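>>> Structure for this input, please:
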Amino acid sequence: MAFATKPKPEKRADETAIEDIARQNNFPGRQPSKPAAPPKRKQRRYRTGRNRHLGIKATEETLERFYKAADDRNVPLGELLRLALDALEK
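Down below sits the predicted model:
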């Protein structure tokens with residue numbers, strides 16, 4: 001049995017050169033595109049003494065209306081709920 005030496009591997013091209021050539025020829029990249037993050041709402045921090053949780057499901061449109069109404073009146077969400085219930089009972 002005769003042993004032969006392994007051939008030397010070919011030298012790879014520089015990664016930056018490959019990226020430059022790909023960009024010049026409009027080749028798409030393999031990296032996934034990042035989805036746009038939804039805009040963050042400003043935090044609402046109030047000391048109101050309310051300590052009970054009310055978990056409800058609503059449509060995005062309803063939530064946006066509720067948050068907009070609270071922002072317009074500059075009141076916490078719990079206070080807006082109380083005002084809405086008072087108006088409903090009248």
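>>> Look up phi and psi at residue 48.
For residue 48, the backbone dihedrals (degrees, to the nearest 10) come out as phi -120, psi -10.
>>> The residue positioned nearest the centre of the chain and residue 4: what is the separation?
In the chain, the residue lying closest to the centroid (CA atoms, centre = their mean) is residue 37, at 3.2 Å. According to CB to CB, to the nearest Å, residue 37 and residue 4 sit 57 Å apart. All C-beta atoms are positioned from the backbone trio N, CA, C, and that covers glycine.
>>> Then residue 10?
18 Å.
>>> roughly how far apart are the residue nearest to the centre of the chain and residue 45?
Counting by CB to CB, the gap from residue 37 to residue 45 is 22 Å.
>>> Same question for residue 16.
Counting by CB to CB - residue 16 and residue 45 are separated by 47 Å.
>>> got it, and residue 12?
55 Å.
>>> Could you do residue 39 as well?
19 Å.
>>> swap in residue 66?
Residue 66 is 18 Å from residue 45, by CB to CB.
>>> Could you check which of those two has the larger neighbour count?
residue 66 (15 against 6; other CB atoms under 10 Å).
>>> all strands of this protein, in order?
In the chain, no strands are defined using DSSP state E.
>>> which residue packs closest to residue 77, ignoring adjacent ones?
residue 70 (5.4 Å; CB to CB, 6 or more residues apart in numbering).
>>> Tell me who's in contact with the one you found.
Residues near residue 70 by CB atoms under 8 Å, 6 or more residues apart in numbering: 44, 76, 77, 79, 80.
>>> Excluding chain neighbours, what is closest to the fourth one?
Among residues not flanking residue 79 along the chain, residue 48 sits closest, at 7.2 Å (CB to CB, 6+ apart).
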